[in-house]
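Chemist: When you get a sec, could you give me coordinates for this:
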Amino acid sequence: MNRLYDFLRRHPTAVDGSWAFGLLVATLLFAASAREDVWRCSAFAVAMAVALAVLGTLRRRWPEAVLLACFAAGLAQLALDVEPLPGDVVFLVVAFTIASRPHRTYSRLALAGCLVAPTLAQLRWPDGGDQDSSLAAEIFGTGLLTITFCLAWVLGDSLRTRRAYYSELERRAERLERERETQARMAVTAERARIARELHDVVAHNVSVMVVQADGAAYVLDSSPELTRSALHTISGTGRQALTEMRRLLGVLRSEDGGAADAGDYVPQPGIEQLADLVDQARAAGLPVDYRVEGTPRALPSGVGLTAYRIVQEALTNSRKHGGPGVGATVRLRYGRDALTVLADDDGRGTQAVLYEERGEDGLGHGLIGMRERVGMVGGVLVAGPRPGGGFRISATLPLAGAADDAPAARCGAADTPETRTDPA
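Modeler: Reported below is the predicted structural model:
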């Protein structure tokens, strides 16, 4: 049965031709059996029956042209005095077909024909072949025929509306599918960027500390075993910290892929509370750091705390990498009423412009780009570049819209003075 339906849908003209041929045969038989006084123009009637069958066959192939041809056929039937035929049912089918099409001009034209055609037929053949018919019966017959034509048009228009509705649903579903795919790609891209930032922060900072300590240990290996031992301890601690943070990232990735993650894979993200440890680590690596906190420390949103930590981490890493010999760094945290200001600079030779503009001279730099992305995610502002008198400066203003002003003060490395603290190098 499904194959039959598929065949009928694929060959609409053949289907229309079948019922049109049957209608033609019925019309010719009716004409042959009619009384001679009724069929005064039998030749014209046969020609009209054939024309109507052809129009019924082609109604879905060229619907607009068939409508115009139906108007011409109806006018010819009136002019040649060919009384109503069984084949005139084609007019109903064509009205239904035109109303179901999206072209509204032809649909209105078909509706006008449905309203006018029964009245014209009644005026042309007032007695309808029955001399005894009353005026009321003629009016009733004309109204019934008009309603029949209008119902055919209404059914076609309802089909057009339903098709348009389903078509709009399909377009909306396709649009939603495309938007869902776009959002999925954007989410994947954002997640990849986040993971890249985290890996860069972990690897760039911790590995640079390990390299500096390893070089120092190699330099004083023979002359100062104690310094060598201290450097090795620093390398060991830094390596463990890097592994811990990378284990956290990999644990999150495993859980996102559907695998189970161990409880040890989840480690709290670093925040403002770990800045003192970060500064101590930089000092142990040989970088003098002047660390100060101004204002009243208070609890921060987790995103702001992580952003501040990563900014300072990247700034100290860049100072070690690009500051040159004898470089010293300064880190300032300033708590304002509505924002936290993070200032990190050094007095070294500074980074060349080609290294921090347009991703660096090799096109692979990610540090400052990652900073800008992090600051942008919390709605802050980042300014980075050489400072007057030499060196490099990074300044970030992070809004504190979500922080509670009366929350307990966050530990920032020491609790000796809540308003202003200075940690000399």
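Chemist: drop to CA atoms for contacts and neighbour counts, all remaining ones
Modeler: Will do.
Chemist: packing partners for the helix or strand where Phe21 lies?
Modeler: With elements delineated by DSSP states H and E, Phe21 resides in helix 12-33, which encompasses its position. The helices and strands touching helix 12-33, judged by 3 or more CA pairs under 8 Å, 6 or more residues apart in numbering; DSSP states H and E, are helix 42-57.
Chemist: next structured bit after the helix it packs on?
Modeler: The helix or strand immediately downstream of helix 42-57 is helix 63-79, counting by DSSP H and E.
Chemist: Tell me how many other residues crowd Asp6.
Modeler: When neighbours are counted by other CA atoms under 10 Å, Asp6 registers 10.
Chemist: distance of it from Leu28?
Modeler: When CA to CA, to the nearest Å is applied, the distance between Asp6 and Leu28 equals 32 Å.
Chemist: if we can go back for a sec, what's the distance between the helix holding Phe21 and the middle of its chain?
Modeler: How far helix 12-33 lies from its chain's middle: 54 Å, per CA atoms, centre = their mean, to the nearest Å.
Chemist: and the angle from it to helix 42-57?
Modeler: Counting by axes from the mean of the first three to the mean of the last three CA atoms, to 10 degrees, helix 12-33 lies at 160 degrees to helix 42-57.
Chemist: Next, the buried residues of helix 12-33.
Modeler: By neighbour count on 16 or more other CA atoms under 10 Å, the buried set for helix 12-33 is Thr13, Asp16, Gly17, Ala20, Phe21, Leu23, Leu24, Val25, Ala26, Thr27, Leu28, Ala31.
Chemist: would you turn those residues into TSV with pLDDT?
Modeler: As requested, the buried residues of helix 12-33 are arranged in TSV below (pLDDT from 0 to 100):
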residue	pLDDT
Thr13	78
Asp16	77
Gly17	79
Ala20	82
Phe21	84
Leu23	81
Leu24	83
Val25	83
Ala26	81
Thr27	78
Leu28	79
Ala31	68
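Chemist: now, which of those residues sits nearest Val279?
Modeler: Using CA to CA, Thr13 comes nearest to Val279 of the buried residues of helix 12-33, at 84.0 Å.
Chemist: So that closest one versus Asp347, what's the distance?
Modeler: Noted for Thr13: a distance of 87 Å to Asp347, by CA to CA.
Chemist: what do you get for Arg60?
Modeler: Distance of Arg60 to Asp347, computed by CA to CA: 84 Å.
Chemist: Same question for Leu85.
Modeler: 105 Å.
Chemist: what do you get for Ala51?
Modeler: The spacing between Ala51 and Asp347, counted by CA to CA, is 98 Å.
Chemist: Neighbour count: the two, which is higher?
Modeler: The neighbour comparison of Ala51 against Asp347 (other CA under 10 Å) goes to Asp347, with 21 against 17.
Chemist: quick one, what contacts that one?
Modeler: Residues touching Asp347, when contacts are defined by CA atoms under 8 Å, 6 or more residues apart in numbering, comprise Gly323, Val327, Gly328, Ala329, Gly390, Gly391, Phe392.
Chemist: how about it, phi and psi?
Modeler: According to degrees, to the nearest 10, the main-chain angles of Asp347 amount to phi -110, psi 20.
Chemist: What backbone torsions are found at the closest residue to it other than its chain neighbours?
Modeler: Distances taken as CA to CA, 6 or more residues apart in numbering put Gly391 closest to Asp347, at 4.4 Å, once the chain neighbours are dropped. Main-chain torsions, Gly391, degrees, to the nearest 10: phi 100, psi -170.
Chemist: cool, and Val381?
Modeler: When quoted as degrees, to the nearest 10, the phi and psi of Val381 stand at phi -130, psi 130.
Chemist: now it: how far from Thr57?
Modeler: Counting by CA to CA, the gap from Val381 to Thr57 is 72 Å.
Chemist: residues touching Arg3, list them.
Modeler: By CA under 8 Å, 6+ apart, Arg3 lies in contact with nothing.
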